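*Asks:* 3D, please:
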Amino acid sequence: MRFLALCALLACCGAATPGEAAGPHVTLELMIESGFPITGAQEWSRAMGRVGADNVRIREAKPGDQGEVVNQGDERTPRYHVTGFLRADGRLHLPGSRPIELTDIGQVTTYVSALRQNGLNASSGPPAAFGMSGEKLVEVHKALSRPVTISTKGKRPGDVMRELTSGLPLKVSVDPSTRDAFALQTTVAEELEGVSIGTAMAAILRPIGLVMLPFEAAGQGTQIGITDSRRAQETWPVGWPPQASPIKTMPKLYEFLEVEITDFALTDALGAIEKRLEAPMLFDHNSMAREGIDPASVKVSLPAGRTFYKKIVDRLLSQGKLKSELRVDEAGSPFLWITTIKQ
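*Replies:* So this is what the prediction gives:
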């Protein structure tokens, strides 16, 4: 009943004040799926008042709801109605866009602005992320889907990035603000050989405070920009939500086995499981540093029994206040993203 009451409250109070921006009327209707945190809905409601939409409504999802962009007006006076989902992963899913974090609310502003400017372009589809058409974004995604063919662990980020970008079909533009970050005496923590270049680059840049994003340069086509994370409203993510079900995406996660673990370092236990899964585990070093969590110093145990890998991983991670997310890289290959329970 509290969940239903909250949805009713948000439906009444979650609307943004009509914006002053000229252009077609844009309404956002966000549907809360089962599992989405109640407090998260309140935070999203407050944030959505700043995205420039003429009206925002948040309600409970119903069977048959679909994410879509519809022109409820006519060709001369369009009125765009966008329906999206607030899902159990805590992110906003809008048509034609990658999943949006609450901390990346500027992407929704870009989405609304692009929709007003470009409308429903039949050739490129609805506006996607980074102010680019869906068609252009697919091209970038394809260019970044090539596998990493070099060993990365223990090497300096700048050296690895130079090797990875040298063969890209897209020009890479590096902001001068990144100089200090690349000069840090740090090394890449994970072995990223075999992971797609896009996911690998994002994973290398994130711990040193940098991000990457595609953009259209006037007269120069599509480029990849690398800049300080504090200067970017949108960033290329470390992997993507899988389109298929978890069991189809990584079947080995659901294989059963006999297990017993006694007083192992979390990193050692995960390393052994990683080899059996034949899929990498990438760590959210930023979040772990913020929460003061060092997986190497966490001791974990698991009583003897028969269970499956996903449950083993989750139970071990929980002992270190961590959790896993199943993601795929640009080539569709699965991996586990290890992050903190507290976001």
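*Asks:* and stretch 39-57, what's buried?
*Replies:* 40-42, 44-45, 47-48, 51-57 (16 or more other C-beta atoms under 10 Å). For glycine as for every other residue, the C-beta is placed from the backbone atoms N, C-alpha and C.
*Asks:* now stretch 213-226
*Replies:* Buried, per 16+ other C-beta under 10 Å, within stretch 213-226: Leu213, Pro214, Thr222, Ile224, Gly225, Ile226.
*Asks:* and for stretch 261-273?
*Replies:* Residues Ile261, Phe264, Leu266, Thr267, Ala269, Leu270, Ile273 are the ones in stretch 261-273 that count as buried (16+ other C-beta under 10 Å).
*Asks:* contacts for it?
*Replies:* Residues from elsewhere that reach stretch 261-273 (C-beta atoms under 8 Å, 6 or more residues apart in numbering): 281, 295-302, 309, 312-313, 316-317, 319-320, 322, 338.
*Asks:* now swap in stretch 234-246 and tell me
*Replies:* By C-beta under 8 Å, 6+ apart, the surrounding residues in contact with stretch 234-246 are 89, 98-99, 104, 106-107, 110, 129-130, 144, 198-199, 201-203, 206, 211-214, 229, 249, 253-254, 282, 284, 310, 326-330, 334-335, 337.
*Asks:* mind listing the helices for this protein?
*Replies:* 2-13, 38-48, 106-118, 134-143, 157-166, 179-183, 197-205, 246-249, 266-277, 285-291, 309-318 (DSSP state H).
*Asks:* alpha carbons of the shortest one, in PDB - could you do that?
*Replies:* Listed in PDB are the C-alpha atoms of helix 246-249, where the atom choice follows Å, rounded to 0.1, in the frame of the first residue of the first chain:
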ATOM      1  CA  PRO A 246      20.700 -13.500 -17.400                       C
ATOM      2  CA  ILE A 247      20.700 -17.300 -17.900                       C
ATOM      3  CA  LYS A 248      21.000 -16.900 -21.600                       C
ATOM      4  CA  THR A 249      23.600 -14.200 -21.300                       C
END
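*Asks:* doesn't Asp159 make contact with Phe182?
*Replies:* No: contact criterion C-beta atoms under 8 Å: Phe182 and Asp159 do not qualify, at 9.4 Å.
*Asks:* between the two, which has more neighbouring residues?
*Replies:* Legend: neighbour count by other C-beta atoms under 10 Å for Phe182 and Asp159, higher for Phe182 (18 against 14).
*Asks:* need the contact list for that one.
*Replies:* Contacts of Phe182 by C-beta under 8 Å, 6+ apart are Pro157, Gly158, Met161, Ile208, Leu210.
*Asks:* per-residue pLDDT, the residue nearest to the spatial centre of the chain?
*Replies:* The centre of the chain sits closest to Pro237, judged by C-alpha atoms, centre = their mean, with a distance of 4.8 Å. As predicted, Pro237 sits at a pLDDT of 93.
*Asks:* distance of it from Ile338?
*Replies:* For Pro237, the distance to Ile338 equals 15 Å [C-beta to C-beta, to the nearest Å].
*Asks:* what of Ala202?
*Replies:* 15 Å.
*Asks:* check Gly239 too.
*Replies:* The gap separating Gly239 from Ile338 is 12 Å, by C-beta to C-beta.
*Asks:* with pLDDT added, can I get the buried residues of stretch 261-273 in TSV?
*Replies:* As requested, the buried residues of stretch 261-273 are exported to TSV (pLDDT from 0 to 100):
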residue	pLDDT
Ile261	97
Phe264	97
Leu266	98
Thr267	97
Ala269	97
Leu270	98
Ile273	97
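*Asks:* from the residues you listed, pick the one nearest Leu28.
*Replies:* Leu270 (39.3 Å; C-beta to C-beta).
*Asks:* what about the closest one, distance to Leu192?
*Replies:* 16 Å.
*Asks:* okay, and which of the contacts of stretch 261-273 map to strands?
*Replies:* Among those, the ones falling in strands (DSSP state E) are Met281, Lys299, Val300, Ser301, Leu302, Leu322, Ile338.
*Asks:* brilliant, that's me finished.
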